[in-house]
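Q: Have a look at this prediction, sequence included:
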Amino acid sequence: MPPIQPRPGIGRYIVRSDNPDQLAEFVQDVDKDPEIELVDTIGPANRWHTVVVSMSHEKASALEQRFRSSSKQLNIEPDRPLSLFGNAFGG
Amino acid sequence: MAKSPETPNPNPLDPSPPKANGSPPQADSSEAKESREVREARESKESQSGERDTKDTRSESREPREDRPTEPQDTSPGSRKHTLSKRKSQYLIAARRSPDLQAMGVQPLQFSVIEQALRSSPDIEIVDTVGPKNIMGALADGMNEAPSVLVAKMSDQKAATLHQQAQGRLIIERDHPLTLADTAIQLPPPMVAFSIPTTGMSLNASFTILGKDDQPLAGAEVYLFGSMIPANGISDERGQVNLTMYGETQQSIRALYVKPKADHWSFYQQDPEISTDEPNVVGCRPLSDWPAMANFPQQMIFGWGQKAMRLDQLPDNYRGQGIKVGVIDSGAATTHDDLKKIHFGFDVINKKTHPETWNEDTIAHGSHCAGMIAGSADNAKGIRGFAPDAEVHACKLFPGGQVSQLIDALEYCIEKQIDVVNLSLGGAEPSETLEQQIQRAKRAGIACIVAAGNSGGMVQYPASSPNVLAVAAIGKLHEFPQDSYHTQTLTPRIDQNGFFSPRFTCFGPQIGVCAPGVAITSSVPANNYAVWDGTSMAAPHITGLAALVLAHHPDFQTTFRTRGPERVERLFQIIKASARPINLGDPSRTGFGLPDTLVAVGLQAQMGMPMGMLPRAFQTAQSNALGGMIGASPFGVGGRMPQPESFAPASLHPLAAAYVEQAQAQMAQPNWFSNPWVQFGQAGISAGAAGGFDPASATYQPAFFAGVQAGMPFGFGMGQPTFGRLGW
């Protein structure tokens, strides 16, 4: 996974589904959509449960609406940063 | 700048134990004076001879001082002349004119008398006198005397002595700097720190950081705190760093903090006497100066945390063999002697280019955690980890870790059939996708041990997940020098054994257990040691313990041998059940308490109680399947039932009191102790049963019986794990 470089208006998002077929279908759609970049896939080979994509926030919002209104079990959320909990100011 | 002869305790919660003669340390005591005289004589001798007797000084500086473990040693590098010290504080002093005192026949002291007395004291500097400027002020004063307030500089110790001697007749209070009320909200966030003013009045100070044998310490982080944003820098090869602060004066500097890169204790000085004319020399003590760490790291030691959990009493053949532990962190530096046995890992950040660079730990955090979990016991040096024979897999996620990469790291752990995962990390918000992956990991038999967070607020995610074991941090008095930064983590929550809840630790009903997380020594690259604070340091204590439990507790050779969520729940139960309650008045900060290694691996049910003496039901598989260890049996081990009704809720913290009241109500129900799981049907080892999230009711079920009953007249053991749905 390449180092994350923030771009204005563009963010990384996680899309997950317990249904690998539905997620594979989503990935096929991503390949056809120039506004979405597939960053990574996570899960057993060809049976991914999670994909990481990069797109505009507006696009992500539209996708979220689409997922909600469809019967597909796809979740999308921003890929947020994590922090280490060591060395609480210095230690 | 000479070291002040008086070294007042900057901490109102002075952890210093009494001296050997039983009297508390007194800065004005004869011993202190003698020490000063000895030092002056030595310095005079050095001055005359033109050189310092370095050999003698080094020898003296390494000598442990068991009688005063938390006081600075006069001969440590940082306490010689030119050493930075605490500046005298400024106090406001006035006569108390209390009608109550006058009713008792105590007349107010005359201002002239006070002033004369203070001026005659060589260690008090009168800075100013404040009084009415005109007749209106004099009338307002109400007395035929002016001025009415003295401004004087003195040590905190001197002020305390003065206060005591005045017997209530003097008002003595520190002269606090004032700030504009809206300063806080005008502070720029760190990412726009460049916008702070760089013109106008500035304070320039240079620092020289010295370590063992007065050698310059490179790479030490130096922070200078004023009224606004701290200045910071890193010392160079000569140990030097220059700091500039704008809009500050020497008097407005609140604190100096020096954090060495490795092998030395941190240094913290409140109200430092900063010189702008000459370098401020700061000496950091070598770790081996601390009595409990003499000859470290040449000689292997158990950290105070390991000893508090009785790892040092575990038979040597209990080493976690056969268990796989994932450390999802910043990597693990296999250059370190204690971490050489780590052969597996995965660099998630660079997985497409260099997945093998997991052993390059640029920020040392993962190495520190890995050392606590599995630091080698074979090299007879350094720190002994909990499970040195466990197979560690280092998943590198930092710097720059994101939720997606944590999901990826957990995927690796699932593929590799890892048994326990240490997560000393977290995020600002819960993540549904991460939660699904944690559940997936749990179904695969992976136990996630997660640090609660360091924000000092509510438990952060993923520690707040019902599918993990959340670990809060505790500290212990007398386990770090008084002039180290660790003192700043102290809070008034201290129990009779010196355990305290540090100010940074997150808290909440999700806390499963607590573990040592203040002044924790462990491995850092390349082959060094550092003493750190954080819930990140607490979690690895429990992760290492979990590896021992899985490897050695009989349950995991039989009933719970098969990987799956039941095994994970059973592991969490056993760890919680082994915990010694830490009575800090607030169970949300300590959960079930501090787990005990001997109890957790099944060697003891209670202090000094061999496993063979346990009631039979305690050891039966059926009992286990029903959470038997959590059921009635442990109460029987101690020879008596706990009696919550004898525990007055009114004397407790409100949250703790609520638990006790709930316990009393439930104890009144018949058969409650005989089968505590009946209310959960057969799901005796569900998350809800263990104190977690009950999906049926969608409420959290706190599990704090042992924690609530901290201080009760029974030692180890664990009570009814849930009192119903309090749903904090």
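A: On my side now, so go ahead.

Q: And what about residue B:422, helix, strand or coil?
A: Following DSSP: H, G, I helix; E, B strand; the rest coil, residue B:422 is assigned to strand.

Q: isn't it right next to residue B:540, touching?
A: Yes. Contact criterion Cβ atoms under 8 Å: residue B:422 and residue B:540 qualify, at 5.5 Å. No exception for glycine: its C-beta is placed from N, CA and C like everyone else's.

Q: Return every residue with contacts to both of the two.
A: Contact criterion Cβ atoms under 8 Å, 6 or more residues apart in numbering or on different chains; residues shared by residue B:422 and residue B:540: B:327, B:369, B:373.

Q: Tell me which helix or strand the second one sits in.
A: Assignment of secondary structure by DSSP states H and E places residue B:369 within helix B:365-374.

Q: so what strands line up beside the following helix or strand past that helix?
A: Sequence order places strand B:391-396 as the next helix or strand after helix B:365-374, per DSSP H and E. Next to strand B:391-396 in the sheet, as set by DSSP bridges, lie strand B:324-329 (parallel), strand B:344-347 (parallel).

Q: How about residues contacting strand B:391-396?
A: By Cβ under 8 Å, 6+ apart, the residues outside strand B:391-396 that reach it are B:322-332, B:341-342, B:344-350, B:357-361, B:366, B:370, B:373-374, B:409, B:412-413, B:416, B:418.

Q: now that strand and helix B:365-374, what's the angle there?
A: 160 degrees (axes from the mean of the first three to the mean of the last three Cα atoms, to 10 degrees).

Q: what about strand B:391-396, average pLDDT?
A: Here strand B:391-396 scores 98 as its mean pLDDT.

Q: Alongside chain A, which residues does the stretch 451-600 of chain B contribute?
A: Within reach of chain A by Cβ under 8 Å from any Cβ of the partner chain, the stretch 451-600 of chain B has these residues: B:451-454, B:460, B:485-486, B:489, B:502, B:504, B:519-520, B:530-537, B:539.

Q: and residue B:488, helix, strand or coil?
A: For residue B:488, the assignment made with three-state DSSP gives helix.

Q: How many residues are close by the residue nearest to it when sequence neighbours are not counted?
A: Spatial nearest neighbour of residue B:488, excluding adjacent residues (Cβ to Cβ, 6 or more residues apart in numbering or on different chains): residue B:268 at 6.1 Å. Look at residue B:268: counted by other Cβ atoms under 10 Å in any protein chain shown, it has 24 neighbours.

Q: just residue B:429 next, same as before
A: 11.

Q: Pretty sure it sits against residue B:460.
A: No. With contact defined as Cβ under 8 Å, residue B:429 does not count as touching residue B:460 (9.1 Å).

Q: distance of the residue of the stretch 551-700 of chain B found nearest chain A from residue B:407?
A: As assessed by Cβ to the nearest Cβ, chain A sits closest to residue B:589 within the stretch 551-700 of chain B, at 14.8 Å. According to Cβ to Cβ, to the nearest Å, residue B:589 and residue B:407 sit 30 Å apart.

Q: May I have the residues that are in contact with residue B:371?
A: Applying Cβ under 8 Å, 6+ apart, the residues near residue B:371 are B:336, B:338, B:339, B:382, B:383, B:385, B:522, B:523.

Q: How much space separates residue B:487 from chain A?
A: Distance of residue B:487 to chain A, given as Cβ to the nearest Cβ, to the nearest Å: 12 Å.

Q: got it, and residue B:112?
A: Distance from residue B:112 to chain A, by Cβ to the nearest Cβ: 47 Å.

Q: burial count for that residue?
A: Neighbours of residue B:112 under the rule other Cβ under 10 Å: 9.

Q: Could you do residue B:295 as well?
A: Residue B:295 has 12 neighbours, counted by other Cβ under 10 Å.

Q: That one against residue B:288, yeah?
A: Yes. With contact defined as Cβ under 8 Å, residue B:295 reaches residue B:288; the gap is 6.2 Å.

Q: got CSV for the strands paired with strand B:391-396, with mean pLDDT too?
A: Shown next, in CSV, are the strands paired with strand B:391-396 (pLDDT from 0 to 100):
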stretch, mean pLDDT
strand B:324-329, 98
strand B:344-347, 98
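
Q: most tightly surrounded among those?
A: Highest mean neighbour count of the strands paired with strand B:391-396: strand B:324-329, a mean of 29 (counted as mean count of other Cβ atoms under 10 Å in any protein chain shown).

Q: Three-state assignment for the closest residue to residue B:390 other than its chain neighbours, please.
A: Once flanking residues are discounted, residue B:390 sits nearest to residue B:320: 3.8 Å by Cβ to Cβ, 6+ apart. Assigned by three-state DSSP, the conformation of residue B:320 is coil.

Q: Number of residues surrounding residue B:320?
A: 29.

Q: And for residue B:318?
A: 18.

Q: again, but for residue B:563
A: So residue B:563, with other Cβ under 10 Å, has 14 neighbours.

Q: Could you tell me the per-residue confidence at it?
A: pLDDT at residue B:563 comes out at 98.

Q: Verify the contact between it and residue B:417 for me.
A: Yes. Residue B:563 lies in contact with residue B:417 (Cβ under 8 Å); the separation is 7.1 Å.

Q: Can you tell me which of the contacts of strand B:391-396 are classed as buried?
A: Taking 16 or more other Cβ atoms under 10 Å in any protein chain shown as the criterion, what is buried in the contacts of strand B:391-396 is B:323-332, B:341-342, B:344-350, B:357-361, B:366, B:370, B:373-374, B:409, B:412-413, B:416, B:418.

Q: Please identify which helix or strand holds residue B:572.
A: Assigned by DSSP H and E, residue B:572 falls in helix B:565-577.

Q: before we move on, what about residue B:412?
A: Element membership for residue B:412 (DSSP H and E) is helix B:403-415.

Q: how about the CA coordinates for that helix, as CSV?
A: Taking C-alpha atoms only, helix B:403-415 is exported to CSV below (Å, rounded to 0.1, in the frame of the first residue of the first chain):
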residue,chain,number,x,y,z
VAL,B,403,-7.9,1.9,9.9
SER,B,404,-7.7,0.0,6.6
GLN,B,405,-4.2,-1.0,7.4
LEU,B,406,-5.2,-2.3,10.8
ILE,B,407,-7.9,-4.4,9.1
ASP,B,408,-5.1,-5.7,6.8
ALA,B,409,-2.9,-6.5,9.7
LEU,B,410,-5.7,-8.4,11.4
GLU,B,411,-6.1,-10.3,8.1
TYR,B,412,-2.5,-11.4,8.4
CYS,B,413,-3.1,-12.5,11.9
ILE,B,414,-6.1,-14.6,10.8
GLU,B,415,-4.1,-16.2,8.0
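
Q: what about residue A:28, which SS state?
A: helix.

Q: What is the neighbour count of it?
A: Residues near residue A:28, counting by other Cβ under 10 Å, number 10.

Q: Report the separation between it and residue A:72.
A: 13 Å.

Q: and what of residue B:312?
A: Residue B:312 is 55 Å from residue A:72, by Cβ to Cβ.

Q: repeat for residue B:131
A: From residue B:131 over to residue A:72 the distance is 80 Å, taken as Cβ to Cβ.

Q: cool, residue B:422 as well?
A: Residue B:422 is 35 Å from residue A:72, by Cβ to Cβ.

Q: Could you do residue B:417 as well?
A: For residue B:417, the distance to residue A:72 - Cβ to Cβ - is 31 Å.

Q: before we move on, what about residue A:79?
A: The gap separating residue A:79 from residue A:72 is 20 Å, by Cβ to Cβ.

Q: Same check on residue B:309?
A: Residue B:309 is 48 Å from residue A:72, by Cβ to Cβ.

Q: out of these two, which sits in the more crowded spot?
A: Ranked by neighbour count (other Cβ under 10 Å), residue B:309 and residue A:72 place residue B:309 first, with 29 against 15.

Q: Could you find the closest non-adjacent residue to that one?
A: Setting aside the residues directly before and after it, residue B:309 is nearest to residue B:597 in space (Cβ to Cβ, 6+ apart), at 5.1 Å.

Q: what residues are up against the one you found?
A: Contacts of residue B:597 (Cβ under 8 Å, 6+ apart): B:309, B:310, B:311, B:313, B:314, B:386, B:545, B:548, B:578.
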